[in-house]
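Asks: pasting the sequence and the predicted model now:
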Amino acid sequence: MLDEEKWFTEICEEAGSAFSLRIERKLHEEHTPYQRIEIYETTDFGNLMVIDGFIMLSARDNFFYHEMMAHPVLFTHPDPKRVCIIGGGDCGTLREVLRHKGVKKVWQIEIDEQVTRLAERYFPELCEANADPRVKFRFTDGIEWMRQAKADSLDIVIVDSTDPIGPAEGLFTEAFYRDCLNALSDGGLLIQQSESPLIHMDILLPMRKAMAAAGAADVKTLFFPQCVYPSGWWSATLARKGGPIEGFRHKDVAKRAFPTRYYNEAIHQAALAMPAFFLERVRG
């Protein structure tokens, strides 16, 4: 919500907390068939995208999220060539995936085309790779698209979703994960944003269990900062089809031919370390 002093505030009722950004002006607002999208210009965080009252990204800090959604999974797989992104309409994760020259084809499946069109207008830096010939955009229901995907047709699935509300609710189910795993080749990897480990364990733990129940051979959660999201601490959960998740390609990370602002070899290793309270809950 935007108050009369021009502070946009997202209230997190379940945590008894709130986060605010000072606004210069509202740039855009519209109701699509799926959701309400607002774009603001902030005083210090660049442009801001808000969907149904929840902060999706800011120009200043989105690199934490987009790099951690893309590079850990791509550097964990031995040779990723075929990638599908479910959601991710702002195209920041897509941009990071396309930095990997070994990737041959990427399908971006976003239910609301307006998210992408507004990102192209207000976050052009995130969309700079949208014309890459390796990309196939599909503006359709990601759940149904994955249900119809051919077996063994993908190496990596990235679920860059909103919170499990409305259109995104079905992306957090055992049935959806089973379809993802079916589409993956043996050794393929699935990664999904998995909310705040501090305040959303009621989402994160069932999500890990659903991935395992769907047939994932191993599940690991990675942790990273994200100051515009509730608690400022976020996570992504990684699942593998066939065998354990054993390390990542350290040498390839060290000699990567593209720039990153947050992700590197040490960050990848550190992100895999589970806090004591989290480990207790997982084992309990």
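Replies: Structure's in. What do you need?
Asks: distance of the residue in the chain sticking out farthest from the centre relative to residue 27?
Replies: Of all residues in the chain, residue 4 sits farthest from the chain's C-alpha centroid, using CA atoms, centre = their mean; the distance is 32.4 Å. From residue 4 across to residue 27, the span is 19 Å (CB to CB, to the nearest Å). C-beta here means a position set from N, CA and C on the backbone, and glycine is covered the same way.
Asks: again with residue 102
Replies: From residue 102 over to residue 27 (counting by CB to CB), the distance is 37 Å.
Asks: neighbour count winner among the two?
Replies: Counted by other CB atoms under 10 Å, residue 102 and residue 27 do not tie: residue 27 has more neighbours, with 16 against 10.
Asks: now that one: which helix or strand?
Replies: Applying DSSP states H and E as the criterion places residue 27 in strand 17-31.
Asks: next, the angle strand 17-31 makes with the next helix-or-strand element following that strand.
Replies: As assigned by DSSP H and E, the chain's next helix or strand after strand 17-31 is strand 36-42. Taking axes from the mean of the first three to the mean of the last three CA atoms, to 10 degrees, one finds that strand 36-42 is oriented at 120 degrees with respect to strand 17-31.
Asks: check which residues of strand 36-42 are buried.
Replies: 37, 38, 39, 40, 42 (16 or more other CB atoms under 10 Å).
Asks: likewise stretch 150-157?
Replies: For stretch 150-157, by 16+ other CB under 10 Å, it's 154, 155, 156, 157.
Asks: reformat those as JSON lines; add pLDDT, secondary structure and distance to residue 180.
Replies: Formatted as JSON lines, the buried residues of stretch 150-157 follow (pLDDT from 0 to 100; DSSP: H, G, I helix; E, B strand; the rest coil; distance: CB to CB, whole Å):
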{"residue": "154", "pLDDT": "98", "secondary structure": "strand", "distance to residue 180": "8"}
{"residue": "155", "pLDDT": "98", "secondary structure": "strand", "distance to residue 180": "12"}
{"residue": "156", "pLDDT": "98", "secondary structure": "strand", "distance to residue 180": "10"}
{"residue": "157", "pLDDT": "98", "secondary structure": "strand", "distance to residue 180": "5"}
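Asks: identify the farthest-apart pair in those residues.
Replies: The largest separation in the buried residues of stretch 150-157, counting by CB to CB, is between 155 and 157 at 8.8 Å.
Asks: overlap in contacts of the two?
Replies: Counting by CB atoms under 8 Å, 6 or more residues apart in numbering, the contacts common to residue 155 and residue 157 are 83, 184, 188, 189.
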